[in-house]
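# sequence first, predicted model second:
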Amino acid sequence: MTKLQVRAFLYQLGSFAIFFISFRYVMDRYTVLTGFWIPFTAFVIGTILAPKFQAVKTKDGEKLFMKWIFIKGIKEIG
């Protein structure tokens, strides 16, 4: 794995973790869901809402891109 691929993986993991932990707390605190359904629902919501990061080799070298449901199109990061 290249340096940018590792960075993309860490960004992906970090953004998913933030959404998962946040929604798990919200589901536990403010809904009537119990047991297995709390982390399962938080996982699905976190997977859908977290931005997707990917390292791509282009003519100009390797670049990091992000796609998110709240942003139109694909955004280049650094």
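Alright, I've got the coordinates.
# from the chain's centroid, how far away is stretch 17-26?
12 Å (CA atoms, centre = their mean, to the nearest Å).
# list the buried residues of it.
Residues of stretch 17-26 classed as buried: 19-20, 23-24 (neighbour count, 16 or more other CB atoms under 10 Å). In this view, the C-beta of every residue, glycine as well, is placed from N, C-alpha and C.
# tell me the mean pLDDT over that stretch?
Average pLDDT, stretch 17-26: 97.
# hang on, the earlier thing: nearest to Lys72 among the buried residues of stretch 17-26?
Phe19 (20.0 Å; CB to CB).
# any idea how far the closest one lies from Ile48?
For Phe19, the distance to Ile48 equals 9 Å [CB to CB, to the nearest Å].
# for the residue nearest the centre of the chain, what are its contacts?
Among the residues of the chain, Ala50 comes closest to the average C-alpha position under CA atoms, centre = their mean, at 3.1 Å. By CB atoms under 8 Å, 6 or more residues apart in numbering, the contact list for Ala50 reads 12, 15-16, 18-19.
# how about the closest residue in space to Leu4 that isn't next to it in sequence, secondary structure?
Among residues not flanking Leu4 along the chain, Ala55 sits closest, at 3.9 Å (CB to CB, 6 or more residues apart in numbering). For Ala55, the secondary structure call by DSSP: H, G, I helix; E, B strand; the rest coil comes out as strand.
# what's the neighbour count on Ala55?
Ala55: 18 surrounding residues under other CB atoms under 10 Å.
# again with Leu33
Leu33, neighbours per other CB under 10 Å, totals 14.
# what's near enough to touch the closest residue in space to it that isn't next to it in sequence?
Leaving out its chain neighbours, the residue that sits closest to Leu33 by CB to CB, 6+ apart is Met27, at 5.5 Å. Neighbouring residues of Met27 by CB under 8 Å, 6+ apart: 33, 37-38, 41-42.
# using the centroid of this protein, identify the residue furthest from it.
Distance to centre of the chain, CA atoms, centre = their mean, peaks at Lys59 (26.8 Å).
# and it, how far from Leu4?
Counting by CB to CB, the gap from Lys59 to Leu4 is 15 Å.
# ok, now Phe40?
For Phe40 relative to Leu4 (CB to CB), the value is 32 Å.
# perfect, I'm done here.
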